[in-house]
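> Here's a sequence, model it:
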Amino acid sequence: QVQLVESGGGLVQAGGSLRLSCAASGRTSSIYDMGWFRQAPGKEREFVAAISYSGSSTYYAESVKGRFTISRDGAKNTVYLQMDSLKPEDTAVYYCAGDRVASRWTYDYTYWGQGTQVTVSS
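Sure, this is the predicted structure:
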């Protein structure tokens, strides 16, 4: 089994920054690639960013490109999402996910964290 635990969410004003962390434990050999998704109230869960095992490949949703940066620390089994220039429309519960493919589709991921709330005030 793999456990993913997100942290770093909170309340921030528009234009501010937050850094989310996702720590993996357990059978981490089962996951190579990691992704971040988010879900706002009344909306479907959507792709935010993904990163390959080596960290050499990263992928972003158009809505966050240039503002968010995904990275990972292999030694700590942790993936980060640096979020800058935050907007009210970034408000959502953010989830990290892991599997053996860096995908923008939720169905490609087996392991999910419990989510962390990000609220951006205007």
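> pLDDT wise, what is residue 41 at?
According to the prediction, residue 41 has pLDDT 93.
> secondary structure element for it?
Using DSSP states H and E, residue 41 falls within no helix or strand.
> Please apply the same query to residue 96.
Assigned by DSSP H and E, residue 96 belongs to strand 92-99.
> centre of the chain versus that strand, how much separation?
5 Å (CA atoms, centre = their mean, to the nearest Å).
> List the beta-bridge partners for the spatially most central residue of the chain.
Relative to the mean C-alpha position of the chain, the nearest C-alpha, by CA atoms, centre = their mean, is the one of residue 36, at 2.5 Å. Beta-bridge partners for residue 36, by DSSP bridges, are residue 49, residue 96.
> That one against residue 58, yeah?
No: counting by CB atoms under 8 Å, residue 36 stays clear of residue 58, with 10.8 Å between them. C-betas here are computed from N, CA, C, even on glycine.
> State the next helix or strand along the chain beyond the strand holding residue 96.
strand 111-112.
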